[in-house]
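> With the sequence up front, the predicted model follows.
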Amino acid sequence: MSTDYIISKGIDIRLLGDADKTIVDLNAKRFAIKPTDFVGCFPKMLVKEGDEVKVGSPLFYDKYREEVKFTAPVSGRVTSLVRGAKRKLLEIIIESDGKGESVDFGKKSIDSLSREEIIGKMLESGVWPMVKQRPFSVIADPKAKPKSIFVNAFSSVPLAPDYDLLVEGRGEAFQAGIDILAKLTTGKVHLNISGKKTSSKVFLDAKNAQINSFSGPHPAGNTSVHISRLDPINKGETIWYTHVQEVVAIGKLFLNGKADFKRIYALTGSEVTNPKYYRSYLGACITNMTSGNIKGSNNRFISGNVLTGEKIYKDGFLGYYDYQATVIPEGDYHEFLGWILPGLNKFSASGTFLSKLFKNKKYRLDTNLHGGHRALVMTGKYEKVFPFDIYPMQLLKAIIVEDIELMENLGIYEIDAEDFALCEVIDTSKTEMQKILSEGLDLMRKEMS
Amino acid sequence: MKALRNFLDKQKPQFEKGGKLEKLHSMFDSFETLLFVPDKVTFAGAHIRDAIDMKRTMITVFVSLIPALLFGMWNVGYQHFLSLGQSPDFWTMFFYGFFKLLPIIIVTYGVGLGLEIVFAQIRNHEVNEGFFVSGLLIPMIVPADIPLWQVAIAVAFAVVFGKEVFGGTGMNIVNPALVARAFLFFAYPGNISGDKVWISDKADAFSGATPLGNALVGNFDNMPSVYDMFMGFIPGSVGETSTLMILIGAIILLITGIANWRVMVSVFVGGTVMGLLFNLWGANDYMNLPFYYHLIMGGFAFGAVFMATDPVTAAQTSKGMYYYGFLVGMIAVLIRVFNPAYPEGMMLAILLMNVFAPLIDHYVVESNIKKRLKRLKAVSN
């Protein structure tokens, strides 16, 4: 059996609104690809409004890496290109015709394919962006030679979807995906499962990969944690990583010769009347999940989880890498003497609120910041939720002053913005750490290229 | 509450940019946020946030100081009447101390917060709550009879030169409350050292020496009992005398996770180790004093629990905290025993280590960097 790595630092934030383990069809009409999901990508359009597309038809490519193409997840018509400030492309919206016609990329037995053929086919079909790389957490560089590939088979974020459910009945495609990934690296494919939650045979009996299990509170499910324990990354090295539904998509491409962007999404959060799973395609619009299924009217809709997700409109679209949508109440209210009250219903990692006495309590948390921005005063707290051999505050400060060498020395290659999410949550000074991290990673990436 | 909220919302525009009272924005803002937690919502990054903020943090420290403060008020009265040979009832003693302390507290907060608001306004910041705690610490580490004008000057010096010149709370090198005390100690030694000042309005015939004062001159026969020192029935600065009350505060700080146990514990360990070393050496009577005396005499416990643990001025890496705390404890005892000019070494030990804390952190972080470079080297070979 696999080795179990125990992560002791971290914290599980228990929220109300876990998804029921039932999957229903979403019947979404509109889908979108959001170029903003791809860090460092500059989209060059290949379609215009009104064009008909098939599943796998190219929509745009990356100006800086022309071979990386992004394709349509469904067949239908491109209805609009949504642009924001400075004409930045935000969304390419496709209205599905429901026929699911696909571009044929040809079928060949997996064993007979070379590494180049595999990468070429993945690039052509638009499946390639599903594989990301460390450092910098950007789409993998097809020319790079990763020392290993990490597949994340569980998530530890608040209200995380159950990955076992996501691959139910898709075992064959998953294994095919793993086989393909194994051909892309000279090192190992690491399949990382949860020591507590994972029970699916699809993962436990997977071949061609080393299975490792991780236990403990969030961020035990973060890829950086897995990498740090299994194959620490050094300057100049590359590791590729991906998640399970992406592996299924890769497997399907090579089994059927057609790109398949099916996705199962969890709708979670305290403001959802009936939180459950939905079967749809990549980039689905959440309207059909949320209409008539939401309590109250002043809510925040998030593509992804409450720690790292992106705020979207109530008729917005799910992000490229997200498996869940979360709905929580907005917190735009003044609370009278809120900082002095006992706080039975307040979440805090510190022991300063009475809620600490109820360990298993589940919270309905809103988006209130709970205080104003301050200097970094409460030092030594972040380490409790940061299971890396890295000094988080020192790294943050190095990023703020843009000291490239210090950032490198303090281990910026080993982490991603999401690893700072918990530090950000528990931070007394309300500093936007993930934003600082993203900027730091951006800066490093530009320095390196 | 609605009415109050509406009132504030109505006044607010006057204090915003371009308003009539724009110059008082920081004051209005601090008052408003004191009454109401702001309605700001998360914008970038995590969508939910911990309910803790700087106000909650500081009020927790404030609460942890209350037992020692209340006891200190009573003890001021107790010592005063003891020196006069009287023993009135509990409340008389308490209120004697209460009315001694109240003016000091008011002056400290008045001067300190006033300056904080001015600086916040100049810098266009929100008022930082750091002085919330400093303002209570300062009255607790001075004698009850300290002249108020001296307090005012010391507080102003501490806030401006101890903190604001470095950029405000979070940027300061040394603990502002201790800067205030050090200022008093060196500028007006007559009112904060010697045998005369530790008991309020002392009868002249009565010896007012603190245990540390006695120990320094070799007057070991007049040392109070261990019980008295632990409970705090001794003369001294207002808040420092009762080890018991300070430990209650320590428990509050540790349970709530506000103060770091690493610092606190290692200060006590450092003091103990130094005390034991002196016991082994045993060259004079002071060295032979049982080591635990050092932990309950003077300001050792108070400094360990409330001063050394200041997250801004202490070492900030977990490993560094051990070295920092240990050295604070050691140096405090070292100064007590070796330096005839300073009966109490805690203040100087903490200030000294405050200055060295960044150096300690530097070496801790440096070793982390070296480890990383070594790993890289191992790979590239």
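Noted; the coordinates are in hand. Numbering: from 1, shown residues only, chains lettered A, B, ... in the order given.
> pLDDT averaged over stretch B:27-34, what's the number?
For stretch B:27-34, the mean pLDDT works out to 77.
> and the stretch 201-350 of chain A, which residues reach chain B?
A:232, A:234-237, A:300, A:302, A:306-309, A:311, A:326, A:328, A:330-340, A:343, A:346-350 (C-beta under 8 Å from any C-beta of the partner chain). Yep, even glycine has a C-beta here, placed from its N, CA and C like the rest.
> And the buried ones among those, selectable in PyMOL?
Selection of buried members from those for PyMOL, criterion 16 or more other C-beta atoms under 10 Å in any protein chain shown:
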select buried, chain A and resi 232+234+235+237+300+302+306+307+308+309+311+326+328+330+331+333+334+335+338+339+343+346+347+348+349+350
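> In strands, which of the residues of the stretch 201-350 of chain A next to chain B appear?
Counted as lying in strands by DSSP state E, out of these, are A:300, A:302, A:311, A:326, A:328, A:335-336.
> Need those in JSON lines (columns: pLDDT).
Formatted as JSON lines, these follow (pLDDT from 0 to 100):
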{"residue": "A:R300", "pLDDT": "94"}
{"residue": "A:I302", "pLDDT": "95"}
{"residue": "A:K311", "pLDDT": "94"}
{"residue": "A:T326", "pLDDT": "95"}
{"residue": "A:I328", "pLDDT": "95"}
{"residue": "A:E335", "pLDDT": "82"}
{"residue": "A:F336", "pLDDT": "81"}
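> Closest one of these to A:V248?
Nearest to A:V248 among these is A:T326, at 22.7 Å by C-beta to C-beta.
> is that closest one in a bridge, and if so with what?
A:T268, A:I302 (DSSP bridges).
> So what touches stretch B:326-345?
B:193, B:210, B:212-213, B:215-216, B:266-275, B:278, B:286-287, B:294, B:298-300, B:303-304, B:308, B:346, B:348-350, B:352-353, B:356 (C-beta atoms under 8 Å, 6 or more residues apart in numbering or on different chains).
> Please, a ChimeraX command that selects the buried ones among these?
A single ChimeraX command is used to select the members of the contacts of stretch B:326-345 judged buried by 16+ other C-beta under 10 Å:
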select /B:193,210,212,213,215,216,266,267,268,270,271,272,273,274,275,278,286,294,298,299,300,303,304,308,346,348,349,350,352,353
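> Sticking with B:I331, tell me its helix or strand.
Using DSSP states H and E, B:I331 sits within helix B:318-338.
> quick one: the residue nearest the centre of chain B from chain A, how far?
Note on chain B: the residue nearest the mean C-alpha position is B:M307, at 3.9 Å, using C-alpha atoms, centre = their mean. Distance from B:M307 to chain A, counting by C-beta to the nearest C-beta, to the nearest Å: 15 Å.
> On the pLDDT front, check that residue for me.
pLDDT, B:M307: 93.
> What count of nearby residues applies to the residue lying closest to A:F358 once chain neighbours are set aside?
Spatial nearest neighbour of A:F358, excluding adjacent residues (C-beta to C-beta, 6 or more residues apart in numbering or on different chains): A:L344 at 8.0 Å. By the measure other C-beta atoms under 10 Å in any protein chain shown, the count of residues near A:L344 is 12.
> hang on, A:L344 packs against A:Y363?
No: in this structure, A:L344 is not within contact of A:Y363 by C-beta atoms under 8 Å, at 10.6 Å.
> can you list contacts of stretch B:242-254?
Outside stretch B:242-254, the residues that reach it (C-beta under 8 Å, 6+ apart) are B:60-61, B:63-68, B:70-72, B:75, B:229-232, B:239-240, B:259, B:261, B:264, B:295-296, B:301-302, B:305-306, B:309.
> ranges for the helices of the stretch 201-350 of chain A?
Assigned by DSSP state H, counting those that start in this stretch, the helices in the stretch 201-350 of chain A fall at A:201-204, A:223-230, A:244-256, A:287-290.
> again but with the stretch 51-200 of chain B, I slipped
B:54-83, B:90-123, B:130-140, B:148-162, B:176-187.
> out of these, deepest packed?
Comparing the helices of the stretch 51-200 of chain B by mean neighbour count (mean count of other C-beta atoms under 10 Å in any protein chain shown), helix B:130-140 ranks first with a mean of 25.
> Mind giving me the packing neighbours of that one?
Judged by 3 or more C-beta pairs under 8 Å, 6 or more residues apart in numbering or on different chains; DSSP states H and E, helix B:130-140 is in contact with helix B:54-83, helix B:90-123, helix B:148-162, helix B:176-187.
> For my notes, please list those in JSON lines and give mean pLDDT and distance to chain A for each entry.
Shown next, in JSON lines, are these (pLDDT from 0 to 100; distance: least, C-beta to the nearest C-beta, whole Å):
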{"stretch": "helix B:54-83", "mean pLDDT": "93", "distance to chain A": "4"}
{"stretch": "helix B:90-123", "mean pLDDT": "92", "distance to chain A": "11"}
{"stretch": "helix B:148-162", "mean pLDDT": "94", "distance to chain A": "15"}
{"stretch": "helix B:176-187", "mean pLDDT": "93", "distance to chain A": "12"}
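> still on that earlier bit, mind listing which of the contacts of stretch B:326-345 are in helices?
Using DSSP state H, the subset of the contacts of stretch B:326-345 located in helices is B:212-213, B:215-216, B:266-275, B:278, B:286-287, B:294, B:300, B:346, B:348-350, B:352-353, B:356.
> I'd say B:A315 and B:Y363 touch.
No: look at B:A315 against B:Y363 with C-beta under 8 Å: they stay out of range, at 10.2 Å.
> Name the residue in the two with the higher neighbour count.
B:A315 (31 against 13).
> So what pairs up with the closest residue to A:G187 other than its chain neighbours in the strands?
Sequence neighbours aside, A:S148 is the residue nearest to A:G187 in space, at 3.8 Å (criterion: C-beta to C-beta, 6+ apart). On the basis of DSSP bridges, A:S148 is bridged to A:I239.
> for the closest residue to B:V160 other than its chain neighbours, what are its contacts?
Spatial nearest neighbour of B:V160, excluding adjacent residues (C-beta to C-beta, 6+ apart): B:L115 at 6.5 Å. Each residue near B:L115 by C-beta under 8 Å, 6+ apart is listed here: B:156, B:159-160, B:164.
> Apply 7 Å and report the result again.
B:156, B:159-160 (C-beta atoms under 7 Å, 6 or more residues apart in numbering or on different chains).
> Over to B:I146?
B:104, B:191-192.
> Quick check: the gap between B:V127 and B:F62.
16 Å (C-beta to C-beta, to the nearest Å).
> correction: A:M122
For A:M122, the distance to B:F62 - C-beta to C-beta - is 60 Å.
> which bits of the stretch 151-300 of chain B sit near chain A?
Residues of the stretch 151-300 of chain B found near chain A (C-beta under 7 Å from any C-beta of the partner chain) are B:168-171, B:255-258, B:260.
> ok, so of those residues, who is nearest A:Y277?
Closest to A:Y277 out of those is B:G257 (37.0 Å), distances taken as C-beta to C-beta.
> okay, now A:V401: neighbour count?
A:V401, neighbours per other C-beta under 10 Å, totals 8.
> before we move on, what about B:L289?
There are 21 residues near B:L289, going by other C-beta under 10 Å.
> Could you do A:I33 as well?
26.
> Tell me how many other residues crowd the closest residue to it other than its chain neighbours.
Spatial nearest neighbour of A:I33, chain neighbours left out: A:I92 (5.0 Å); criterion: C-beta to C-beta, 6+ apart. Residues lying near A:I92 (other C-beta under 10 Å) number 26.
> Settle this for me: A:I92 is touching A:L81, isn't it.
Yes: A:I92 lies in contact with A:L81 (C-beta atoms under 7 Å); the separation is 5.7 Å.
> Where does the stretch 101-250 of chain B get nearest to chain A, residue-wise?
In the stretch 101-250 of chain B, the residue found nearest to chain A is B:G170; the distance is 2.8 Å by C-beta to the nearest C-beta.
> need the contact list for that residue.
Per C-beta under 7 Å, 6+ apart, neighbours of B:G170: A:374-377, B:312.
> Against which helices or strands is the worst-scoring helix or strand of chain A on mean pLDDT packed?
Lowest by mean pLDDT, DSSP states H and E among the helices and strands of chain A is strand A:335-336, with a mean of 82. Applying 3 or more C-beta pairs under 7 Å, 6 or more residues apart in numbering or on different chains; DSSP states H and E, one finds that strand A:335-336 contacts strand B:36-37.
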